[in-house]
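Asks: Show me the folded form of this:
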Amino acid sequence: MTTPALVKAAELKRMADVAKSKGVTVWIEINGRRVGVSPDIQSAISEKPVDMKPEDFSSLAEWQAWRDRERAREAQRDS
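Replies: Predicted coordinates:
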């Protein structure tokens, strides 16, 4: 028989969601062991590439928001 996991997958997912949305490292301690989840630092500090593909977006609203941001950046660069 295998030993049960210290942290269940659902708990790790919740920790990852918080870490990603807030940009912080989330720690829990179980049986004297610390388990942490950190956000992806590179994606947090780097901008999305300008030449994104349609499949990179999960919805039309996400694409429209990206397009508006890109247009605003271009307008700011041109002025």
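
Asks: drop to CA atoms for contacts and neighbour counts, all remaining ones
Replies: Noted.

Asks: so what's Asp40 up against?
Replies: Lys20 (CA atoms under 8 Å, 6 or more residues apart in numbering).

Asks: domain parsing for this structure?
Replies: 1-46, 48-79 (automatic domain parsing).

Asks: In JSON lines, list the ones you listed along with mean pLDDT.
Replies: Putting those into JSON lines (pLDDT from 0 to 100) gives the following:
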{"stretch": "domain 1-46", "mean pLDDT": "84"}
{"stretch": "domain 48-79", "mean pLDDT": "81"}
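
Asks: Which of those has the highest mean neighbour count?
Replies: domain 1-46 (a mean of 12; mean count of other CA atoms under 10 Å).

Asks: who's in contact with the most centrally placed residue in the chain?
Replies: In the chain, the centroid-proximal residue (CA atoms, centre = their mean) is Lys20; its distance is 4.2 Å. Shown in contact with Lys20 (CA under 8 Å, 6+ apart): 38-40.

Asks: Roughly how far does Thr3 sit from Glu11?
Replies: In this view, Thr3 and Glu11 are 17 Å apart by CA to CA, to the nearest Å.
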